[in-house]
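return a 3D structure for these sequence lines:
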Amino acid sequence: MNRLKDIESLIAVPTLITVYLFALLQLGGLDDVVSGWFYDPALPGFPLQNDFWMRDVLHDDSRTVMIGVLLAVIATWGLGLVWSKFKPYRRAAGYLGISMLIGVLSVNLGKQISNTDCPWDLIPFGGDRPHILLFEAKPDDLPRGRCFPGGHSSSGFALFGLYFVSVMRGARRSWPWLLPGLIVGGTFSVAQWVRGAHFPSHDLISAYLCWMSALVCYIILIRRDKPDAT
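Here you go, the predicted structure:
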(Lines give C-alpha, C1' and ligand atoms only; values in the text may rest on other atoms or scores of the structure.)
Protein backbone atom coordinates (compact mmCIF):
# COMPACT_ATOMS: atom_id res chain seq x y z
CA MET A 1 0.00 0.00 0.00
CA ASN A 2 1.21 3.51 -0.79
CA ARG A 3 2.69 4.90 2.43
CA LEU A 4 1.28 8.40 2.02
CA LYS A 5 -2.19 7.03 1.34
CA ASP A 6 -1.90 4.78 4.39
CA ILE A 7 -0.91 7.70 6.61
CA GLU A 8 -3.81 9.75 5.26
CA SER A 9 -6.27 6.99 6.17
CA LEU A 10 -4.82 6.81 9.69
CA ILE A 11 -5.67 10.50 10.01
CA ALA A 12 -8.96 10.69 8.12
CA VAL A 13 -10.78 7.60 9.42
CA PRO A 14 -10.28 8.27 13.16
CA THR A 15 -11.14 11.95 12.61
CA LEU A 16 -14.41 11.18 10.83
CA ILE A 17 -15.38 8.59 13.46
CA THR A 18 -14.55 11.01 16.28
CA VAL A 19 -16.56 13.87 14.76
CA TYR A 20 -19.57 11.60 14.23
CA LEU A 21 -19.49 10.11 17.73
CA PHE A 22 -18.86 13.49 19.35
CA ALA A 23 -21.94 14.92 17.62
CA LEU A 24 -24.05 12.02 18.87
CA LEU A 25 -22.74 12.31 22.40
CA GLN A 26 -22.85 16.08 22.88
CA LEU A 27 -25.46 17.35 20.42
CA GLY A 28 -27.54 14.18 20.42
CA GLY A 29 -27.63 13.99 24.21
CA LEU A 30 -26.06 10.55 24.59
CA ASP A 31 -23.61 11.96 27.14
CA ASP A 32 -26.51 12.71 29.45
CA VAL A 33 -28.10 9.33 28.79
CA VAL A 34 -24.95 7.43 29.78
CA SER A 35 -24.36 9.53 32.90
CA GLY A 36 -28.02 9.05 33.80
CA TRP A 37 -27.45 5.30 34.03
CA PHE A 38 -25.15 5.83 37.01
CA TYR A 39 -26.91 8.78 38.68
CA ASP A 40 -29.34 8.29 41.56
CA PRO A 41 -31.71 11.26 41.97
CA ALA A 42 -32.68 10.01 45.41
CA LEU A 43 -29.22 10.86 46.80
CA PRO A 44 -28.86 13.06 44.67
CA GLY A 45 -25.54 12.00 43.21
CA PHE A 46 -23.50 9.12 41.83
CA PRO A 47 -23.54 6.18 44.29
CA LEU A 48 -20.15 4.90 43.12
CA GLN A 49 -18.38 8.27 43.17
CA ASN A 50 -16.21 7.22 46.12
CA ASP A 51 -16.36 3.47 45.57
CA PHE A 52 -13.13 1.68 46.51
CA TRP A 53 -12.73 -0.12 43.19
CA MET A 54 -13.68 2.84 41.01
CA ARG A 55 -11.82 5.57 42.88
CA ASP A 56 -8.97 3.90 44.74
CA VAL A 57 -8.10 1.04 42.38
CA LEU A 58 -9.17 2.12 38.87
CA HIS A 59 -8.24 5.77 39.40
CA ASP A 60 -5.59 6.34 42.07
CA ASP A 61 -3.72 3.02 41.99
CA SER A 62 -3.95 2.58 38.23
CA ARG A 63 -2.46 6.03 37.72
CA THR A 64 0.56 4.91 39.73
CA VAL A 65 0.79 1.75 37.62
CA MET A 66 0.76 3.74 34.37
CA ILE A 67 3.48 6.03 35.66
CA GLY A 68 5.47 2.87 36.36
CA VAL A 69 4.88 1.70 32.79
CA LEU A 70 6.18 4.99 31.41
CA LEU A 71 9.25 4.83 33.67
CA ALA A 72 9.93 1.27 32.49
CA VAL A 73 9.78 2.44 28.87
CA ILE A 74 12.18 5.29 29.61
CA ALA A 75 14.49 2.89 31.48
CA THR A 76 14.52 0.57 28.45
CA TRP A 77 15.58 3.47 26.25
CA GLY A 78 18.30 4.44 28.74
CA LEU A 79 19.61 0.90 28.99
CA GLY A 80 19.80 0.80 25.22
CA LEU A 81 22.37 3.59 25.38
CA VAL A 82 24.77 1.67 27.61
CA TRP A 83 23.94 -2.05 27.23
CA SER A 84 24.11 -3.83 23.89
CA LYS A 85 21.41 -6.30 24.93
CA PHE A 86 18.84 -3.48 24.97
CA LYS A 87 20.17 -1.60 21.94
CA PRO A 88 17.68 -3.19 19.47
CA TYR A 89 14.81 -1.80 21.56
CA ARG A 90 16.21 1.70 22.07
CA ARG A 91 14.54 3.44 19.16
CA ALA A 92 11.15 1.84 19.80
CA ALA A 93 11.32 2.66 23.52
CA GLY A 94 12.36 6.23 22.81
CA TYR A 95 9.47 6.69 20.40
CA LEU A 96 6.94 5.09 22.77
CA GLY A 97 8.06 7.18 25.74
CA ILE A 98 7.82 10.43 23.76
CA SER A 99 4.45 9.57 22.21
CA MET A 100 3.01 8.65 25.62
CA LEU A 101 4.20 11.92 27.14
CA ILE A 102 2.93 14.01 24.22
CA GLY A 103 -0.45 12.30 24.30
CA VAL A 104 -0.97 12.86 28.02
CA LEU A 105 0.33 16.44 27.85
CA SER A 106 -1.96 17.31 24.93
CA VAL A 107 -4.97 16.10 26.90
CA ASN A 108 -3.92 18.04 29.99
CA LEU A 109 -3.43 21.16 27.88
CA GLY A 110 -6.97 20.74 26.62
CA LYS A 111 -8.21 20.52 30.21
CA GLN A 112 -6.61 23.88 30.97
CA ILE A 113 -8.29 25.75 28.11
CA SER A 114 -11.68 24.04 27.63
CA ASN A 115 -13.51 25.37 30.73
CA THR A 116 -15.84 22.34 30.84
CA ASP A 117 -17.40 20.89 34.00
CA CYS A 118 -17.66 17.30 35.20
CA PRO A 119 -21.10 15.64 35.34
CA TRP A 120 -21.10 15.63 39.15
CA ASP A 121 -20.79 19.45 39.09
CA LEU A 122 -23.92 19.95 36.98
CA ILE A 123 -27.43 20.71 38.22
CA PRO A 124 -29.05 17.77 36.32
CA PHE A 125 -26.72 15.41 38.19
CA GLY A 126 -26.89 16.83 41.69
CA GLY A 127 -24.37 19.65 41.29
CA ASP A 128 -24.78 23.43 41.37
CA ARG A 129 -23.65 24.52 37.88
CA PRO A 130 -25.71 24.82 34.68
CA HIS A 131 -25.15 22.24 31.94
CA ILE A 132 -23.20 24.13 29.27
CA LEU A 133 -21.89 22.26 26.23
CA LEU A 134 -18.33 22.58 24.98
CA PHE A 135 -18.94 25.19 22.28
CA GLU A 136 -21.51 27.22 24.21
CA ALA A 137 -20.54 30.47 25.92
CA LYS A 138 -20.00 30.13 29.65
CA PRO A 139 -20.66 33.08 31.97
CA ASP A 140 -17.52 34.54 33.54
CA ASP A 141 -18.98 34.35 37.05
CA LEU A 142 -19.09 30.55 37.00
CA PRO A 143 -16.16 28.50 38.38
CA ARG A 144 -13.72 27.29 35.77
CA GLY A 145 -14.17 23.67 34.73
CA ARG A 146 -11.23 21.39 34.01
CA CYS A 147 -12.88 18.13 32.99
CA PHE A 148 -12.47 18.08 29.21
CA PRO A 149 -10.88 16.00 27.77
CA GLY A 150 -10.68 13.04 30.13
CA GLY A 151 -7.28 13.17 31.80
CA HIS A 152 -7.20 9.80 33.54
CA SER A 153 -8.11 7.77 30.47
CA SER A 154 -5.29 9.40 28.51
CA SER A 155 -2.73 7.34 30.44
CA GLY A 156 -4.34 4.23 28.97
CA PHE A 157 -4.98 5.59 25.49
CA ALA A 158 -1.33 6.68 25.38
CA LEU A 159 -0.57 3.00 24.75
CA PHE A 160 -1.77 3.52 21.17
CA GLY A 161 1.91 4.07 20.45
CA LEU A 162 2.34 0.29 20.70
CA TYR A 163 0.62 0.01 17.32
CA PHE A 164 3.35 2.06 15.68
CA VAL A 165 6.04 0.20 17.60
CA SER A 166 4.74 -3.01 16.02
CA VAL A 167 4.98 -1.34 12.59
CA MET A 168 8.55 -0.30 13.34
CA ARG A 169 9.41 -3.85 14.38
CA GLY A 170 8.02 -5.25 11.15
CA ALA A 171 5.10 -7.15 12.69
CA ARG A 172 2.96 -9.07 10.20
CA ARG A 173 -0.21 -7.80 11.89
CA SER A 174 -0.19 -4.54 13.79
CA TRP A 175 -3.86 -4.04 14.61
CA PRO A 176 -3.83 -6.32 17.73
CA TRP A 177 -1.43 -3.82 19.31
CA LEU A 178 -4.28 -1.32 19.40
CA LEU A 179 -6.00 -3.48 22.00
CA PRO A 180 -3.87 -2.52 25.04
CA GLY A 181 -4.70 1.16 24.55
CA LEU A 182 -8.36 0.47 23.83
CA ILE A 183 -8.80 -1.91 26.76
CA VAL A 184 -6.88 0.07 29.38
CA GLY A 185 -8.11 3.49 28.22
CA GLY A 186 -11.65 2.17 27.85
CA THR A 187 -11.62 0.65 31.35
CA PHE A 188 -10.35 3.89 32.87
CA SER A 189 -13.03 5.79 30.94
CA VAL A 190 -15.94 3.65 32.13
CA ALA A 191 -14.72 3.86 35.72
CA GLN A 192 -14.90 7.64 35.49
CA TRP A 193 -18.35 7.64 33.88
CA VAL A 194 -19.62 5.46 36.72
CA ARG A 195 -18.25 7.93 39.26
CA GLY A 196 -19.75 10.94 37.48
CA ALA A 197 -16.30 12.37 36.78
CA HIS A 198 -16.59 12.47 32.99
CA PHE A 199 -18.97 12.21 30.07
CA PRO A 200 -18.14 9.71 27.29
CA SER A 201 -17.37 12.60 24.91
CA HIS A 202 -14.57 13.71 27.24
CA ASP A 203 -12.80 10.37 26.88
CA LEU A 204 -13.55 10.11 23.17
CA ILE A 205 -11.51 13.26 22.57
CA SER A 206 -8.82 11.99 24.92
CA ALA A 207 -8.52 8.84 22.79
CA TYR A 208 -8.38 10.91 19.61
CA LEU A 209 -5.66 13.21 20.92
CA CYS A 210 -3.57 10.25 22.08
CA TRP A 211 -3.96 8.54 18.70
CA MET A 212 -2.98 11.66 16.79
CA SER A 213 -0.05 12.26 19.14
CA ALA A 214 1.23 8.72 18.52
CA LEU A 215 0.78 9.14 14.76
CA VAL A 216 2.47 12.54 14.56
CA CYS A 217 5.39 11.32 16.68
CA TYR A 218 5.73 8.33 14.37
CA ILE A 219 5.78 10.55 11.28
CA ILE A 220 8.30 12.99 12.76
CA LEU A 221 10.61 10.67 14.69
CA ILE A 222 10.70 7.40 12.78
CA ARG A 223 12.10 6.61 9.37
CA ARG A 224 9.58 4.18 8.01
CA ASP A 225 11.75 2.85 5.19
CA LYS A 226 13.17 0.02 7.31
CA PRO A 227 11.57 -1.92 10.15
CA ASP A 228 13.71 -2.48 13.23
CA ALA A 229 15.59 -5.75 13.32
CA THR A 230 13.97 -8.40 15.47
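
number of nearby residues for the nearest residue to residue 121 once chain neighbours are set aside?
Of all residues not flanking residue 121 in the chain, residue 127 sits nearest, at 4.1 Å (C-beta to C-beta, 6 or more residues apart in numbering). From N, CA and C alone the C-beta is placed, and that goes for glycine too. Number of residues near residue 127 (other C-beta atoms under 10 Å) recorded here: 17.

my guess is residue 127 meets residue 120, correct?
Yes - assessed by C-beta atoms under 8 Å, residue 127 is found in contact with residue 120 at 5.7 Å.

and the most centrally placed residue in the chain, which helix or strand is it part of?
By C-alpha atoms, centre = their mean, the chain has its centre lying nearest to residue 154, at 2.8 Å. Using DSSP states H and E, residue 154 sits in helix 151-157.

which helices and strands sit right next to that helix?
Other helices and strands packing on helix 151-157, by 3 or more C-beta pairs under 8 Å, 6 or more residues apart in numbering; DSSP states H and E, are helix 62-82, helix 90-114, helix 179-195, helix 200-221.

please state the offset of that helix from the chain centre?
When distances are taken as C-alpha atoms, centre = their mean, to the nearest Å, helix 151-157 is centred 4 Å away from the chain's centroid.

swap in stretch 83-95?
25 Å.

so what's the closest residue to residue 26 other than its chain neighbours up against?
Take residue 26 and drop its neighbours on the chain: the residue closest to it by C-beta to C-beta, 6+ apart is residue 201, 5.1 Å away. Applying C-beta atoms under 8 Å, 6 or more residues apart in numbering to residue 201 gives the contacts 21-22, 25-26, 31, 134, 148.

swap the cut-off to 6 Å and go again
Going by C-beta atoms under 6 Å, 6 or more residues apart in numbering, residue 201 touches 22, 25-26, 31.

and of the residues you listed, the nearest to residue 166?
Within the contacts of residue 201, the smallest distance to residue 166 is 27.9 Å, found for residue 22 (C-beta to C-beta).

gap between the closest one and residue 135?
Remark: distance between residue 22 and residue 135 (C-beta to C-beta, to the nearest Å) = 11 Å.

hang on, the earlier thing: most packed of the helices and strands packed on helix 151-157?
helix 200-221 (a mean of 22; mean count of other C-beta atoms under 10 Å).

so what's the predicted local confidence for residue 170?
pLDDT, residue 170: 88.

mind checking what secondary structure it has?
coil (DSSP: H, G, I helix; E, B strand; the rest coil).

neighbours of residue 136, just the number please.
By other C-beta under 10 Å, neighbour count at residue 136 equals 10.
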